[in-house]
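Chemist: Here's a sequence, model it:
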Amino acid sequence: YKVFMAGELHEQKNNFTIQLNLLKYLYWNADVRILIFELPISIENTINEYLMTGDSLTLRKFTYGAPNDYILFFVELYNFNQTLPLGEKITIKTIDIERDFIQFSLSSILKLFVKNNFFPNEIASELSSIEKFSKKRRVPPKKTIQILNNIRKKMLDNKTLYTDSLKNDFRVVFKILANTEIALRNKNNAEYERETVMRNNLIDVLNEFPNKKFFGQFGKIHIPTNCLDVLAQQIIGLSLEQIWNLDELYEVVTKSYCYKNLSKIDFNEIISYLAGEFSSLEDRYIYAKIWKDNNQIGKKGKLGRVIY
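Modeler: This is a model prediction of the structure:
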């Protein structure tokens, strides 16, 4: 096999441990040398720089504010790489859109032009705006999209000039521009387009390295936890079937993966809400859905089942 893919479960502390162990196994047993990551393409060079140098400041650039297990993964991967010969070390290829890293993405675009000492006059104003926006806490979406789109159009209109000047970085710059546009254009609803882009980016990576073998966790599973509005609906449904002791009901609810960490305080507040114990709610025409008495609850009224 050329490509090995595994699923990924968020909010599991051992997920990165499993990923690293699988990578090591596939390195020694299947000649895998490239790890594919669901991270923006703009971060790829920074990650690989860290894997070569182990510099803590470089690590901080792409892990700032990240959970400890995420940071530890890259530290352990660097340590593993140190045991491997030159030319046989693990490298990272990233395939995601530029969401959550917009300022970093803009800064990366500038760095690639600087790296190649290429500053075409026709996009001078656009590059100046990108530099300004990369230093802001919030980027103006519409204006930034227009600027990025202008640069992409000019890169295509004068492809020979830009390809000769940016060399191998032409493809990277173009992808960062396009992926940043997607992230800004669909900031709250980008999942479908994001999945399509990642699929295409993955195919590009495989074609770029036809003789390499790859491993990655692709298609992350997102399982919401402690959604109290959903829990309220479930409790109403359960109350239609029988009278519940609250301690038993809490035990049943917390057996679900989605509510395994639900606090007793949150649980009790949902029960109080459903039982109409907040008198101010009646002023807003929100009435009790269940009754509560002596640490027990049950259905209230005759229309509960119909409404549910």
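Chemist: hey, let's count contacts and neighbours off CA atoms from now on
Modeler: Noted.
Chemist: tell me the pLDDT at Ala183?
Modeler: Note for Ala183: predicted pLDDT of 86.
Chemist: and what of Glu282?
Modeler: 63.
Chemist: Can you give me every residue that contacts the nearest residue to Pro141 once chain neighbours are set aside?
Modeler: Nearest residue to Pro141, sequence neighbours excluded (C-alpha to C-alpha, 6 or more residues apart in numbering): Leu184, at 5.6 Å. Leu184 sits next to 99, 141-142, 145 when contact means C-alpha atoms under 8 Å, 6 or more residues apart in numbering.
Chemist: all strands of the protein, in order?
Modeler: 3-9, 34-40, 91-96, 214-221, 244-245, 290-293, 296-299 (DSSP state E).
Chemist: Against Thr254, how distant is Ile176?
Modeler: Ile176 is 43 Å from Thr254, where distance means C-alpha to C-alpha, to the nearest Å.
Chemist: make that Leu246, sorry
Modeler: 12 Å.
Chemist: quick one: low-confidence parts of this structure?
Modeler: 9-13, 187-192, 218-223, 279-285, 303-308 (pLDDT under 70).
Chemist: can you give me the helices in this protein?
Modeler: Under the criterion DSSP state H, the chain contains helices at 15-30, 44-53, 56-63, 68-82, 102-115, 124-133, 141-157, 159-166, 169-185, 191-208, 228-241, 246-253, 264-274, 304-307.
Chemist: Could you point out which of those helices sits nearest Trp291?
Modeler: Closest approach to Trp291 among the helices of the chain is made by helix 264-274 (8.1 Å; C-alpha to C-alpha).
Chemist: returning to that earlier point: need the strands of the chain in TSV (columns: distance to Thr46 and mean neighbour count).
Modeler: Converted to TSV, the strands of the chain look like this (distance: least, C-alpha to C-alpha, whole Å; neighbours: other C-alpha atoms under 10 Å):
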stretch	distance to Thr46	mean neighbour count
strand 3-9	23	14
strand 34-40	11	20
strand 91-96	10	23
strand 214-221	18	18
strand 244-245	55	17
strand 290-293	56	18
strand 296-299	56	20
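Chemist: returning to that earlier point: quick one: which of the contacts of Leu184 is nearest to Leu231?
Modeler: Arg99 (30.4 Å).
Chemist: how many neighbours does Ile265 have?
Modeler: 9 (other C-alpha atoms under 10 Å).
Chemist: So it versus Ser125, what's the distance?
Modeler: Counting by C-alpha to C-alpha - Ile265 and Ser125 are separated by 55 Å.
Chemist: now do Ala66
Modeler: Ala66 is 34 Å from Ser125, by C-alpha to C-alpha.
Chemist: Backbone dihedrals for Phe119, please?
Modeler: phi -130, psi 70 (degrees, to the nearest 10).
Chemist: Who are the contact partners of it?
Modeler: Phe113.
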